[in-house]
Structure formats: C-alpha cells, structure tokens
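Peer 1: Provided below are the primary sequence and the corresponding predicted coordinates.
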Amino acid sequence: GFLSFAGWWMWILWQEFQNPFYPFANALFKSEWLTFSDFSDHNFRPKNWMEFLFWPFILSLTLYRPEGNGMFVSDFRFLIVYLVFIYFIVKWIYQYCRYKKIDFNAQWAFLIVYLLVLYVLWTYFFSISRYFVVGEILIAFVVTQALFSKNFSSVLGKGLYFSFDIFILFVLLSTPYFSYEWGSRADWKERYLSHDAYIGIEKLNIPDDALIQTYNYPTAAFFAFWADKQPSLKGVNIYQQLYYRMSETSDFVGKDFFRTLKPWQQKRDEIVAQHKGPKLLLVANGMTHRVLNMDFIRHEAARGMSCYFLYNNLLSYISLCAPKEIADQVFVNKGMKIYEDKN
C-alpha cells in the first residue's frame, strides 16, 4: 500500500537526489544534495521518558502547541485514545489471567498495534502535529469503535453509556471551534484586501517570461499562487533559512544549504544565468531590508530594482522587487515603496 501511493514519488526523488526519502534518512543514502545526517526538528519532542509516558496528557491538557508561531489547541483526541488503549490492555490482561484466552478481533487488534507503533515513532522523532495526519485519521476509527461497541441490558446502563458517548463526541467536535486555525488565519476575510478568497494577494502584472528569485521562506507559497495562473513563470530559491534548524549532529546548523552545498549552488547559478527574461526578487524581510544576516539593499541583487511592500492576507513582511524599467508595469496599485536603487 505504501509503495502504491509513494513509489512513484520515491523513484523521482531517487533520480533527482539519490535518496528516495529526501530530505530524510540522508545519513543512510548520503545524497550530495544534503548533509550526511538525518534531518529532524527536535524542538517539540518529549524531553525525557516521564514526559514520553504522559505525552498524551501533556498534549491535551496544556492547550498550547508551540509549533509555528504558537497556537491554542483544544484537542483531547490523544488523551481519549490513550485511555481507550489502557482500558483494552487491562481488559486483555484480565481475560488472560482469568480465562486463559483473549477475546479480540484480529483486524481491530492490528489497527491498535499499527496506531501504537505509528504514535511511538512520531513522538520519538518529531511530535509535530502536521506530521501525524495519518494517525489522526486512524484515531477516528479507534474512538468510534470504542464508543459504540458496548451493549447494555439495562435502560440505566444504556442511558449513562450513551450520555458519555455524546459528551465525548461534543469534546471532539469542539476542537476546530475552540482552537486557533493553523497559521492564525481565522480572520482571513478581514485582513487587507480579499473578502472572497482564502489567499489574497494584491493585483500585479508580472511578465509571463519572468524568473522569480526567492529570498527566505515562505516565499515559495506566493510563487505557487502566481504560477497557478501563469504556468510559464519560473522560480528559483536564492537564499533562505528553511533548514535553519537541523539535528544536533549536523555540521550545517544555522546555515543555508542552498548557499553551502555545491550541487544547489551550481543548479541555482545555472538557472539564473540561462534565463533571458526579466528577473524579479521576492523577499520575506519585513521593513528591515535584511535577509538573515545579509544587508539586502547593499547586495548586488538589488541593483537597478524598485521594491514595494506586497499587500496580502498571508504574511505582513513580504516585498517584491522588479527592474526599474518595468516596475510601473508590474506594480498596478503603486503601494508602499520600501526601496529603489538610485544608480
């Protein structure tokens, strides 16, 4: 099943980067497009075995996830499934001790074991919420099976049991209502300019043959939005901190792979040199004119450029730079100019 869905993409990654799991597991595959270490963000994992043991309680009861910019999350799924798992373990031990047999469905037991292994691996390596999407989908089966698998002969027993089921379902369904949206975009219809689109970016007139050179993430999201409407656009990353947090064993902690590793340098320089059309710069640097430790306005890339603040409902620190000779064409709304090369 895994190869049916991922096999094609793994083959592409192997052809391009000599690693079917790129950018992961590179300590094993040793692709020259990455350091020979295993990429892993350890900032959100349990810090010791005691935390690991009670991690479902911590995730559910702290009501705060530090991932991204930090957000409030009212999510008790991990805690509920953890308690369900403990209940079945105790039940099976009791059955074995008393009757010398365990009454369980093989498919149901396989799902529990699979989910348990998935959870342990996820918690140990990452414990980042968006990496556990498959596990969260499976949790729905576990909770449903646990809540509606009981039969009671008395009316009182049924009443209490289904009352508890309804309460649990209310708690689970309240998660998206009480929690912040990922990226804190719950107010997207009220921000800046777009009231009818989840992604709103000010109107621009980018030439079809342009090359968008990105500085800092998440600028690639903006390029994808434009390229969807103008497939002939090209994009290349120049400078960023996407891999700024690496595993403790990496020699590249705090460095930009795209400026450090030779294969990326050569590919980037080749794309820029061979492009014959206009070249624009998309920069995530706010009003500081800085990209990490680089003084952007003193960098040669900004020569001959006019840079404007880019109004949008995604990020408040994005600017776009275009050659001065086509700036009036590109920037339709003539918003806030933050820099123009005077030379």
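Peer 2: Cool, the structure landed.
Peer 1: Now do the residue nearest the centre of the chain against Thr219, distance only.
Peer 2: Against the mean C-alpha coordinate of the chain, by C-alpha atoms, centre = their mean, the closest residue is Arg130 at 5.9 Å. Per C-beta to C-beta, to the nearest Å, Arg130 is found 20 Å from Thr219. (Glycine included, C-beta is placed from N, CA and C.)
Peer 1: Next: Lys100.
Peer 2: 63 Å.
Peer 1: Neighbour count: those two, which is higher?
Peer 2: When neighbours are counted by other C-beta atoms under 10 Å, Lys100 and Thr219 differ, and Thr219 comes out ahead with 26 against 7.
Peer 1: Name whatever forms a beta bridge with the nearest residue to that one once chain neighbours are set aside.
Peer 2: Once flanking residues are discounted, Thr219 sits nearest to Leu282: 4.6 Å by C-beta to C-beta, 6 or more residues apart in numbering. Following DSSP bridges, Leu282 is listed with bridge partners Thr214, Leu320.
Peer 1: which residues touch Thr123?
Peer 2: With contacts defined as C-beta atoms under 8 Å, 6 or more residues apart in numbering, Thr123 is in contact with Arg45, Pro46, Phe52, Trp55.
Peer 1: Let's see that with 10 Å instead.
Peer 2: By C-beta atoms under 10 Å, 6 or more residues apart in numbering, Thr123 lies in contact with Phe44, Arg45, Pro46, Glu51, Phe52, Trp55, Pro56, Leu59, Phe78, Phe132.
Peer 1: Out of the residues you listed, name the two that are farthest from one another.
Peer 2: For the contacts of Thr123, the farthest-apart pair by C-beta to C-beta is Glu51 and Phe132; their separation is 16.9 Å.
Peer 1: more neighbours, the two?
Peer 2: The residue with the greater number of neighbours, taking Glu51 and Phe132 and applying other C-beta under 10 Å, is Phe132; the counts read 18 against 14.
Peer 1: part of a helix, is the more buried one?
Peer 2: Yes: counting by DSSP: H, G, I helix; E, B strand; the rest coil, Phe132 is found in a helix.
Peer 1: Show me what counts as buried in the strand or helix carrying Val81.
Peer 2: Secondary structure here is read from DSSP states H and E; on that basis Val81 sits in helix 77-99. Within helix 77-99, the residues that qualify as buried are Arg77, Phe78, Leu79, Ile80, Val81, Tyr82, Val84, Phe85, Phe88, counting by 16 or more other C-beta atoms under 10 Å.
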